[in-house]
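Undergrad: For reference, the sequence and a predicted model appear below.
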Amino acid sequence: MLLLHFTFQILLFMNGITLFDFNSEASLSSWYVMDDVVMGGVSDGKLAIGEDGHGIYSGTVSLDNNGGFSSVRYRCSRIDVTSHRHITMRIKGDGKSYQLRIKNNISDYYSYIYSFDTSGEWETISVPMGEMVPSFRGRTLSFPNFEETYIEEVAILIGNKKNESFKLLIDKIELI
């Protein structure tokens with residue numbers, strides 16, 4: 001039984017889809033930063049490709065002017081996720097907490113979210129899409145967890161209710 005499970009996991013991995021591979025040739029034109037400045041805040045996030053080819057999402061989160069978050073978002077053409085159960089990210093964080101967020105439809109006012117902690121080391125975070133909860137402005141909504149057939153946006157958000165600087169290195173984001 002264990003061998004069957006292991007074989008299934010390998011097949012899932014082999015049939016994965018790379019959503020975005022950060023490298024020295026990658027274009028960030030489909031990515032954008034959205035900070036709390038849209039609501040009057042003064043947080044400041046940036047996304048760049050580092051010399052080693054990794055994505056660098058960094059900046060400061062400020063609670064001034066009722067602020068408190070920064071996010072980086074990737075708009076993609078509609079991607080069918082019916083054959084996939086997880087989103088994985090190879091990242092190196094700063095020991096802080098972040099959220100992975102996805103949208104089924106870019107025009108939805110809410111996102112499906114999953115919170116994760118970083119260790120300060122390179123690690124692969126595997127997020128079961130079925131555990132991503134619908135949320136809007138920090139409030140969980142009263143409808144089912146993610147059970148959609150496609151996604152159109154992937155985002156990473158930091159908003160830990162405190163003033164802080166942050167830095168998250170991103171290698172790649174995949175569906176498995």
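TA: Arrived safely, thanks for sending. Residues are numbered from 1 along each chain as shown.
Undergrad: just for this protein, where's the confidence low?
TA: The model of the chain has pLDDT under 70 over residues 1-15.
Undergrad: Now do the strands in it.
TA: 17-21, 31-35, 44-49, 55-61, 70-80, 86-92, 97-103, 111-117, 122-128, 133-136, 139-140, 150-158, 164-175 (DSSP state E).
Undergrad: who does the second one touch, helix- and strand-wise?
TA: With contacts defined as 3 or more C-beta pairs under 8 Å, 6 or more residues apart in numbering; DSSP states H and E, strand 31-35 has these neighbours: strand 44-49, strand 70-80. C-betas here are computed from N, CA, C, even on glycine.
Undergrad: The longest one now?
TA: Counting contacts by 3+ C-beta pairs under 8 Å, 6+ apart, strand 164-175 is packed against strand 17-21, strand 55-61, strand 70-80, strand 86-92, strand 150-158.
Undergrad: mind putting those in a markdown table, mean neighbour count and distance to residue 135 included?
TA: Putting these into a markdown table (neighbours: other C-beta atoms under 10 Å; distance: least, C-beta to C-beta, whole Å) gives the following:
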| stretch | mean neighbour count | distance to residue 135 |
| --- | --- | --- |
| strand 17-21 | 15 | 20 |
| strand 55-61 | 21 | 18 |
| strand 70-80 | 16 | 13 |
| strand 86-92 | 20 | 16 |
| strand 150-158 | 20 | 10 |
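Undergrad: can you put those strands in JSON lines and add distance to residue 141?
TA: Listed next are these as JSON lines, based on distance: least, C-beta to C-beta, whole Å:
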{"stretch": "strand 17-21", "distance to residue 141": "24"}
{"stretch": "strand 55-61", "distance to residue 141": "24"}
{"stretch": "strand 70-80", "distance to residue 141": "18"}
{"stretch": "strand 86-92", "distance to residue 141": "20"}
{"stretch": "strand 150-158", "distance to residue 141": "16"}
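Undergrad: among those, which is nearest residue 99?
TA: With C-beta to C-beta as the criterion, residue 99 lies closest to strand 150-158 of the helices and strands packed on strand 164-175, at 4.5 Å.
Undergrad: for the closest one, the distance to its chain's centre please.
TA: From the chain centre to the centre of strand 150-158 is a distance of 5 Å (C-alpha atoms, centre = their mean, to the nearest Å).
Undergrad: neighbouring strands for it, and are they parallel or not?
TA: Applying DSSP bridges, strand 150-158 is found paired with strand 70-80 (antiparallel), strand 97-103 (antiparallel).
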